[in-house]
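I would like to see how this sequence folds:
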Amino acid sequence: MSHTPDTRSQRLYWPVQMQRNRGVRGLFVVVAAFLALYVYLFPGLFSIGGVSKFAQSWFPLALVSMSQAILMLTGGISLSIGATVSLGAVIAATTMTGPLGVVGGIAAVAVAGLGIGAISGAIVVRLKLPAIVVTLAASFIIGGAALLVLPRPGGAIPIWFSDLLAGNTPAALILLIVTALLWKLYLATPLGLSLYASGENPVGAYRGGVPVDRSLIAAYAISGLLAAAAGLFVAAQTGSGDPVIGTAFTLNSIAAAVLGGVGFLGGRGTMRGAIAGSLLLSVMINVMFFLGFPPVAQYVAQGLIIIGAVALPEITGRRGPR
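Residues are numbered from 1 along each chain as shown. Okay, the predicted model is just below:
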């Protein structure tokens, strides 16, 4: 009895997932410990307002972490995520109060994100160029486009829309849950099933009939969409747009994905790990703020924790049975 590539992928899905989930439980324990400390320092977290405000500060980082993790799962990386966040923010701030309205503004942000990602992915795939080089070049182009759209901070987001996303309701948390569920649905599609195979062993996947090129381009398109959506949310938070507001998100997205156990070589890690990594990074920043750490010490502590998170699995792996 012969099996199609899709049938073989479905049969291997759960065993492969169990293999990739190693270490995520330990991450969840660390996240729980930091959350417990944060709740101790800030008891109001369990109120609706506390949950809402925390989710709002975490949500953009979670989106860009997912954006980065998708590409890292394919063996790539993006240095243009921060610029895409900025572009999404300025597009939202310059369209939502105009003729396009909120719906048109959301559509414009989505089209920009998908288009940027798809073009970057096509260049990487068709021209066989390193993703880091393509996305570095793209970051300058996208950043310049953001400055053309809005040379300085300005624009506006309708007040009701800002209140909806960044008010005293847990809208950000609901949106994150919906995004995670949509990701699970995507993994059930042929392109989603081929994502890990394309990153772990692209040659073998191609020989096995996996649509590697389409899978990679789709991953870049989704990555761009998530980054642009993060920019839209940041604009809703601030009520305006800023052409450089996304700068810090590039490195933070890499840090969160690495904290979540997503590997740089492709095929290793899970999206829930990346989301947990973004939660750990967000909680860690808040805890250090409440403990009175100066900004310099916060950066040093973040760097040491990230190095430890990357080094610990390697050390334990070497000490394990051979």
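
Point out where the stretch 51-200 of the chain drops to low pLDDT.
197-200 (pLDDT under 70).

Which residue ranges of it form helices?
81-95, 101-127, 131-149, 159-166, 171-187, 190-200 (DSSP state H, counting those that start in this stretch).

which residues touch the fourth one?
Spelled out, it's helix 159-166. Residues external to helix 159-166 that are found in contact with it (Cβ atoms under 8 Å, 6 or more residues apart in numbering): Gln56, Met96, Val102, Ala171, Ala172, Leu175, Phe233, Ala236, Gln237, Gly239. Where C-beta positions appear, they are placed from N, C-alpha and C, glycine not excepted.

possible to save these as a markdown table with neighbour count?
Shown next, in a markdown table, are these (neighbours: other Cβ atoms under 10 Å):
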| residue | neighbour count |
| --- | --- |
| Gln56 | 22 |
| Met96 | 26 |
| Val102 | 16 |
| Ala171 | 19 |
| Ala172 | 25 |
| Leu175 | 17 |
| Phe233 | 23 |
| Ala236 | 25 |
| Gln237 | 19 |
| Gly239 | 15 |
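
Among the residues you listed, pick out the one closest to Ser278, please.
The closest of those to Ser278 turns out to be Ala172 (Cβ to Cβ; 12.6 Å).

quick one: that closest one and Phe59 touch, right?
Yes: in this structure, Ala172 is within contact of Phe59 by Cβ atoms under 8 Å, at 3.9 Å.

Now for those two: what residues contact both?
Residues touching both Ala172 and Phe59 (Cβ under 8 Å, 6+ apart): Phe233.

roughly how far apart are Ala62 and Ala180?
Applying Cβ to Cβ, to the nearest Å, the value for Ala62 to Ala180 is 9 Å.

higher neighbour count, those two?
Taking other Cβ atoms under 10 Å, Ala62 and Ala180 do not tie; Ala62 has more neighbours (28 against 14).

Quick check: closest non-adjacent residue to that one.
Nearest non-adjacent residue to Ala62, counting by Cβ to Cβ, 6 or more residues apart in numbering: Ser278, 4.5 Å away.

check which helix or strand covers that neighbour.
helix 271-290 (DSSP states H and E).

Tell me the secondary structure at the nearest residue to Gly269 once chain neighbours are set aside.
Leaving aside its sequence neighbours, Gly269 sits nearest to Val262 (Cβ to Cβ, 6+ apart; 3.2 Å). Counting by DSSP: H, G, I helix; E, B strand; the rest coil, the backbone at Val262 sits in coil.

correct me, but Val262 touches Ala276?
No: at 10.6 Å, Val262 does not count as touching Ala276 under the criterion of Cβ under 8 Å.

now Gly115: how far from Ala145?
From Gly115 to Ala145 the distance is 11 Å (Cβ to Cβ).

Repeat that for Phe59.
24 Å.

Pick out whichever of the two has more residues nearby.
Phe59 (25 against 18).

what about the stretch 201-322 of the chain, any weak spots by pLDDT?
In the stretch 201-322 of the chain (pLDDT under 70), the answer is 201-211, 265-267, 306, 309-322.

can we see that at 90?
201-216, 248, 251-252, 254-273, 280-322 (pLDDT under 90).

Please list all residues in contact with Phe264.
Met72, Gly75, Ile77, Val258.

roughly how far apart are the third one and Gly117?
The reference is to Ile77. Note on Ile77: its distance to Gly117, by Cβ to Cβ, is 13 Å.

which of the two has more neighbours?
For Ile77 and Gly117, the more surrounded residue by other Cβ under 10 Å is Gly117, and the numbers stand at 30 against 20.

So that one is in contact with Tyr220, correct?
Yes: under the criterion of Cβ under 8 Å, Gly117 makes contact with Tyr220 at 4.3 Å.

if we can go back for a sec, in JSON lines, list the contacts of Phe264 along with distance to Leu136.
Converted to JSON lines, those look like this (distance: Cβ to Cβ, whole Å):
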{"residue": "Met72", "distance to Leu136": "16"}
{"residue": "Gly75", "distance to Leu136": "17"}
{"residue": "Ile77", "distance to Leu136": "10"}
{"residue": "Val258", "distance to Leu136": "19"}
